[in-house]
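>>> got a predicted model here, sequence first, then my questions.
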Amino acid sequence: MLHSFVVTAARPPFAYMPTMQAAPAFAGAMTPFLTALSGAGAQRASTSFAAAAAGEYTYLCTVPGHAANGMYGRLLVQ
């Protein structure tokens, strides 16, 4: 199953296709879509970013339908 990861300043509820709604809050705070498991194994990605400002952010999967169905969480930067 496809997945992705982004940290954004956008708040739920999220649209079925949240990509335009959920721009990354910080440089590097996202991954591309990860493809499904194949004969070569599972695809992996990592990211590293500096949270430039304190605040409440949301992390979510930007694959269509995932965030709209609850695949998101809260990130608190202090």
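That came through fine. Numbers count the residues shown, from 1 in each chain.
>>> all the helices of this structure, residue numbers only.
In the chain, no helices are defined using DSSP state H.
>>> how about low-confidence regions in it?
Within the chain, the ranges that satisfy pLDDT under 70 run 36-41.
>>> now the strands for it?
6-8, 55-60, 72-77 (DSSP state E).
>>> show residues contacting the first one.
The one in question is strand 6-8. Here strand 6-8 makes contact (C-beta atoms under 8 Å, 6 or more residues apart in numbering) with 22-26, 29-31, 49, 51, 57-60, 62, 75. Every residue, glycine included, has its C-beta placed from N, CA and C.
>>> equivalent analysis for stretch 49-58, please.
Contacts for stretch 49-58 (C-beta under 8 Å, 6+ apart): 7-12, 22, 25-29, 72-78.
>>> same check, this time on stretch 60-73
Taking C-beta under 8 Å, 6+ apart as the rule, stretch 60-73 contacts 2-6, 8, 12-19, 22, 30, 33, 58-59.
>>> ok, now with 10 Å
With contacts defined as C-beta atoms under 10 Å, 6 or more residues apart in numbering, stretch 60-73 is touched by 1-8, 10-22, 24, 30-34, 57-59.
>>> re the thing from before, of the contacts of strand 6-8, grab the buried ones for PyMOL.
Here is the PyMOL command that selects the buried residues among those (16 or more other C-beta atoms under 10 Å):
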select buried, resi 22+24+25+26+29+30+31+57+58+59+60+62
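>>> and the furthest pair within the contacts of strand 6-8?
Greatest spatial distance among the contacts of strand 6-8 (C-beta to C-beta): 51 and 62, at 19.0 Å.
>>> tell me who's in contact with residue 33.
2, 3, 4, 5, 43, 45, 61, 62, 63.
>>> now it: how far from residue 77?
Separation of residue 33 from residue 77 (C-beta to C-beta, to the nearest Å): 25 Å.
>>> same check on residue 50?
10 Å.
>>> equivalent analysis for residue 56, please.
Taken as C-beta to C-beta, the span from residue 56 to residue 77 is 8 Å.
>>> over to residue 4?
21 Å.
>>> among those two, which residue is more densely surrounded?
Using other C-beta atoms under 10 Å, the more surrounded residue of residue 4 and residue 77 is residue 4, with 18 against 13.
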